[in-house]
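1. Provided below for reference: sequence and predicted model.
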Amino acid sequence: MGDVVSSHLDEAKREIITAQTREVMEGFGCIYEQQYAVALFNKVRFDIEGGGGPQPQLLHRKIPLENKSIFSGSLFQYLEENKKWRNRFLFVPDSYNINYYDSKASHDRQLNPKGTINCAGYKVLTSMEQYLDLISSSLPGVKAKVGSSPFLKCATQFPLILWHPYVRHYYFCVVTEKEQQKWHAVLQDCVRHANDGLSEENKIQTPAFTDAIRLYRQAKGHYGTWEMMCGAQSQILSNLVMEGLLPKLRELISPRLKGKLHERQRNWMLISDAVYSLVQEQCQAQYETVVHKCEVSQPSLEASIRTDMDQIITSKEHVTNKIRAVVLSKAEKLLKVSIQPYISSILEALMEPTSRGFFEVRDVFFRELVDMSKNTLNEGTKETVAQHMEKISMLAFHPVKMQSCYEKVEQLNLEGLQQRFDVSSPSVFVQRAQILMREQMDDAVYTFEQILHQSLESQGTEELCKTIQRCQDRVIKKFDYDSSTVRKRFFREALLQIFIPYMLKQLSPSCASELPRFKELIFEDFSRFILVDNIFEEVVLYSVMKDIMMAVKEAAIQRRHNLYRDSIVLSNSDPSLHLLGENPSIDWAGEYRGAQEEVEGAGEEAEGNGQGEGGESQKSRRMKQVVSMIQVEGSPDLLSQSCIEVLCIDNIPEEDGEEEEKEENSSPDQNESASPTATENPPDLSNGLVVIKEERDKKEDQLKDESASAAEEKGQGDNSQLAVEQQPTTNREVSEKALPPPPPDNETPPEATAGFPPPPHDDSGFQSPTSEGAEEEEEEEEEEVVEGEEGEEALQPEEAEVEETHLTTTPQAENQTVDSDTRDQ
């Protein structure tokens, strides 16, 4: 690998890289210094004058993922160094940077990871066809075929590939489709988080940086959204450099690449990754120099702003009026011809999938609370509520649970905008909407958590279900209002991101020659805070803002997407609620110790004597893992085992430490994240759906007649006791007769009924790989269980030949019988 990079990146190539990076950073640095002063002025002015807008009703968690991890598990990784697949343990902390280790034992011993993946700018692919389509454009005039790249041959049928246009790619694979879906959701969440953009808490550096990037690209003729505006500042600047540098290097290096197609592609990816590392190192150093220079001058600039604030505002308004007189007529003409006819259609294309996504967020949140209320009826203790809240508290950051919400927005289609309005891809808007959905979900969960905790402290356990219902109604009302506000703001911002670059591109040629003369109207002392180019963009923005506001307002009046009108402003009906927002996140498991003991279960006994303090730390770490807190619909055993221990494949060489890892993964504490009672609950009881109960009632009526006739036919040669049992009885009588005696306490743990209730059906948005067959098998099991309930009393131990013709009563049938009895009562 080193020979390939060093042979093609000689001293001359490195000088080209350094010169290109210096050129870009010098141009960016000049613009950044200008925008830094403007951003400082805007911040000071905002601090003095303040800002309006509706106040959010939900509380906001300041540090949502404190002491939390997202996910961890094992899968196969392809190593380019030796061209082999190896078993790797991946750990995703709260930073969403993926750390991978040789084994889980290495992670538990707190060894340094083999590597760390920052997912900014990556795409998650689930097929080799998608990957080969993307890398086919890496070298000019070369197109790859699926069967022509042996080094990309996947070990299983379920690959997971992280693709990036500039840096190295990562290849993973798993053994089941269910694993692939779960890992895909986790990796997508990592990419989504890394692409979220810079922190908005810094009111000076962030707007100065984003405006400088945008103005620099516009000066080069690149208008519109930019997909590579993601990651940290050094990553964004490196992407900016690579955008112009990589084509030059490709023309110089690609003719010298030797070997077959896949070898040339592989070597080019290695070269591109090495170039990106050099560029990023240089960009980081030069950017820190620019920032330090601006921070040194900030005190003097801020003093000048506060001293001459009124004069600066007056001078800016005077220049703005002059520029508006020149630009406004041209902008309105362009607006009338090229913008207004498309506002309503583009807004509708944005609103439809976005609103569906927010509705799904509301439904997921509502179903989780309903599920908690149902199980509180069975065992109404604070420990039961705390156990559920420990799982629900991180619902917004559970990628599998939230996947059904994210998929709604991924249907966003802005076809035709690429050519007309220079929109490269709708992914920028999709990811922004998904981040807003996650924030709304976390705000709702956090608000409910604080209100419920306050209610539990002041009330007893007599009316827990009613208390949960009251808190739920309050939070849902606040969620609806905040959801409307957030969506309307998102629609306005999205429309501006689509229309403003297009208008600037169309108006700049005719207005660029007239703008320099307006600089003479600005006092020299104020020239650092009043820039003509910024005022020109503000005039263009205000020219189209009126039409955008009107379009969003009309959409709210129609109420098609459950948007509140701007005139509807909820008063602060909970004056004491915002005081709760200062409270930290509630440690439900720690405050209500009983909930933690139920979650730990038998694993606590296995760890108590053998591991000591190390075992306690591992238990704490597992308790705080987001994905393992909330069960995923499907087979709990399959999910927990497959993501901890990857099954062996004969033709894949394994590492020496793999046997040790498998032994540890097979221990009870490794599978503690999956509820030990999850597999004991039958599908009907875990779902708790009324529809299935009603269908079972109908099947019972039909099966009673069939069973009676069958018993009469068999009664001639068999024991007469069976014929007596098959006489028609009522539903209540069948349930009472089929009820088994209560099992001993040591056979049925208390969490089997109220400990870990699985979530509502299809809550994760995924079905098992054999969902259709599983549904048919489930229906057959229901019919067989009802037959077993009706004939159970007549079955005696000595009647082996009769038992062969009827399904023996199982724990699943017993639970269903208890459920039937509860329904009839």
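-> All right, it came through fine.
2. Ala433: neighbour count?
-> Look at Ala433: counted by other C-beta atoms under 10 Å, it has 27 neighbours. In this view, the C-beta of every residue, glycine as well, is placed from N, C-alpha and C.
3. contacting residues around it?
-> For Ala433, the contact set (C-beta atoms under 8 Å, 6 or more residues apart in numbering) comprises 354, 357, 409, 412, 490.
4. Do you know the pLDDT at it?
-> If you check Ala433, the pLDDT there is 95.
5. Among the contacts of Ala433, name the buried ones.
-> Among the contacts of Ala433, those scoring as buried are 354, 357, 409, 412, 490 (criterion: 16 or more other C-beta atoms under 10 Å).
6. quick revisit: farthest-apart pair in the contacts of Ala433, please.
-> Comparing every pair within the contacts of Ala433 by C-beta to C-beta identifies Leu412 and Phe490 as the most remote, at 11.6 Å.
7. Which strand or helix spans the residue lying closest to Arg470 once chain neighbours are set aside?
-> Counting by C-beta to C-beta, 6 or more residues apart in numbering, Ser455 is the residue found nearest to Arg470 once chain neighbours are left out, at 7.6 Å. Assigned by DSSP states H and E, Ser455 belongs to helix 427-458.
8. and after that helix, which helix or strand comes next?
-> That would be, after helix 427-458 and using DSSP H and E, helix 464-511.
9. Can you tell me which of the contacts of Ala433 has the lowest confidence score?
-> Among the contacts of Ala433, Leu412 has the lowest pLDDT, at 89.
10. what helix or strand is the residue nearest to that one when sequence neighbours are not counted on?
-> Spatial nearest neighbour of Leu412, excluding adjacent residues (C-beta to C-beta, 6+ apart): Pro353 at 4.6 Å. Secondary structure assignment for Pro353, by DSSP H and E: helix 340-378.
11. And for Ile535?
-> Assigned by DSSP H and E, Ile535 belongs to helix 532-558.
12. what helices or strands is that helix leaning on?
-> helix 309-334, helix 340-378, helix 464-511 (3 or more C-beta pairs under 8 Å, 6 or more residues apart in numbering; DSSP states H and E).
13. What residues of the second one count as buried?
-> Judged by neighbour count using 16+ other C-beta under 10 Å, the buried positions of helix 340-378 are 342-343, 346-347, 349-358, 360-362, 364-366, 368-369, 371-373, 375-376.
14. Same list as before, the helices and strands packed on helix 532-558 that is, but in a markdown table and with distance to Thr289 included.
-> Rendered in a markdown table, the data for the helices and strands packed on helix 532-558 read as follows (distance: least, C-beta to C-beta, whole Å):
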| stretch | distance to Thr289 |
| --- | --- |
| helix 309-334 | 28 |
| helix 340-378 | 40 |
| helix 464-511 | 30 |
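15. Gln55 is nearest to which of these?
-> helix 464-511 (9.2 Å).
16. Tell me which stretches of the stretch 51-200 of the chain form strands.
-> With strands called from DSSP state E, counting those that start in this stretch, the stretch 51-200 of the chain shows them at 69-79, 84-93, 98-101, 115-117, 123-125, 158-163, 170-174.
17. Please render those as JSON lines that adds distance to Leu541 to the earlier fields.
-> Converted to JSON lines, the strands of the stretch 51-200 of the chain look like this (distance: least, C-beta to C-beta, whole Å):
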{"stretch": "strand 69-79", "distance to Leu541": "38"}
{"stretch": "strand 84-93", "distance to Leu541": "39"}
{"stretch": "strand 98-101", "distance to Leu541": "39"}
{"stretch": "strand 115-117", "distance to Leu541": "38"}
{"stretch": "strand 123-125", "distance to Leu541": "32"}
{"stretch": "strand 158-163", "distance to Leu541": "35"}
{"stretch": "strand 170-174", "distance to Leu541": "41"}
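18. unless I'm mixing things up, Thr18 is touching Gln282, no?
-> Yes - contact between Thr18 and Gln282 holds when scored by C-beta atoms under 8 Å: they sit 6.7 Å apart.
19. ok, those two, which is more surrounded?
-> Taking other C-beta under 10 Å, Thr18 and Gln282 do not tie; Gln282 has more neighbours (21 against 13).
20. residue ranges with poor pLDDT in the stretch 551-700 of the chain?
-> In the predicted model, the stretch 551-700 of the chain carries pLDDT under 70 at residues 565-624, 627-700.
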